[in-house]
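Trainee: here's my sequence, what's the structure:
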Amino acid sequence: MSDFPLHQAARENKPLTVEGILAENPKLAISKDDDSRTPLHWACSMNNEQIVLIILPFVKVDIDELTDDSGWTPLHIAASIGNQTIVDQLMATKPRPDVDLATNNGTTAIHLATSKNHYDLVQKLIDTYKSSVRVKDKKGITPLHRAAAIGSQPLVKMLVAAKANVNAKDSDGWTPLHHALAEGYADVGALLVLLGADVDAESNLGEKAANVACNEGVKKFFLQQVGQV
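Mentor: Next up, the predicted model:
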């Protein structure tokens, strides 16, 4: 038998078991396992929307206080998974969770959703919940850096339209353009330039974005696209 039966039931999507355990001991709703995760963390991670609805009324503390060993709250997990329904469920609690709350490494919900290319959720985080598009993690990475690194033109366009800084630098002095070319996305690089990226911006080591392209083919194609060949 599990040492954490409520966590297991939440993870395995067993609503009757969850209801029975909480009826007997409501305080278990915010109990933590060996990774400091609550049953709500597990329900979110497994996309178990019904379980989230069952547990939430028993959570008598701020969602922001429910952090695991990595500083992740259930909202961070829901954003990473890309489940808009669960994000809405969590954001409807009182007091409303801080949409820009950072994990231990400084990432926020919009960083996580962007990294996984959850376009619709990123749009909702910006439009409905007013998430900051300029927030940086502990390495200086913004959501736009992440969108560029995964090669998503739609996310790049959305974030820039929402006033993301197209020339923001991370702790290495890399702009989103550097990240796009380093990952091989010359098309995204060309788009960034069209949106105002500085092709001459240098990293802390004096590298222009074209010089960190993953190979010569990407570098050549990019330079052709921006008229530098």
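
Trainee: tell me the contacts of residue 178?
Mentor: Contact analysis of residue 178 by C-beta atoms under 8 Å, 6 or more residues apart in numbering lists 201, 203, 207, 209, 212. Glycine gets a C-beta too; all of them are placed from N, C-alpha and C.

Trainee: please redo it, this time with the cut-off set to 10 Å
Mentor: Residue 178 makes contact with 145, 148-149, 169-170, 172, 189, 192, 197, 201-203, 207-213 under the criterion C-beta atoms under 10 Å, 6 or more residues apart in numbering.

Trainee: now this protein, which segments are flagged as low pLDDT?
Mentor: For the chain, residues meeting the criterion pLDDT under 70 lie at 1, 229.

Trainee: how's it carved up into domains?
Mentor: Here the domain parsing of the chain from the TED database is 1-98, 133-228.

Trainee: what about these, which gets the closest to residue 121?
Mentor: For residue 121, the closest of the domains of the chain is domain 1-98, at 5.3 Å, according to C-beta to C-beta.

Trainee: out of the domains of the chain, which comes closest to residue 105?
Mentor: domain 133-228 (5.3 Å).

Trainee: first-to-last residue distance for the closest one?
Mentor: 30 Å (C-alpha to C-alpha, to the nearest Å).

Trainee: out of the domains of the chain, which comes closest to residue 125?
Mentor: domain 1-98 (7.3 Å).

Trainee: quick one: contacts for residue 199?
Mentor: 175, 177, 189-190, 192-193, 208-210, 222-223, 226-228.

Trainee: check the secondary structure at it for me.
Mentor: coil (DSSP: H, G, I helix; E, B strand; the rest coil).

Trainee: and residue 70, by the same measure?
Mentor: Applying three-state DSSP: residue 70 is coil.

Trainee: touching, it and residue 35? I think so.
Mentor: Yes - using C-beta atoms under 10 Å, residue 70 and residue 35 qualify as a contacting pair, with a distance of 8.4 Å.

Trainee: quick one: residue 177 and residue 183, what's the gap?
Mentor: 11 Å (C-beta to C-beta, to the nearest Å).

Trainee: leaving out chain neighbours, which residue sits closest to the residue nearest the centre of the chain?
Mentor: By C-alpha atoms, centre = their mean, the mean C-alpha position of the chain lies nearest to residue 112, the distance being 1.2 Å. Leaving out its chain neighbours, the residue that sits closest to residue 112 by C-beta to C-beta, 6 or more residues apart in numbering is residue 80, at 4.1 Å.
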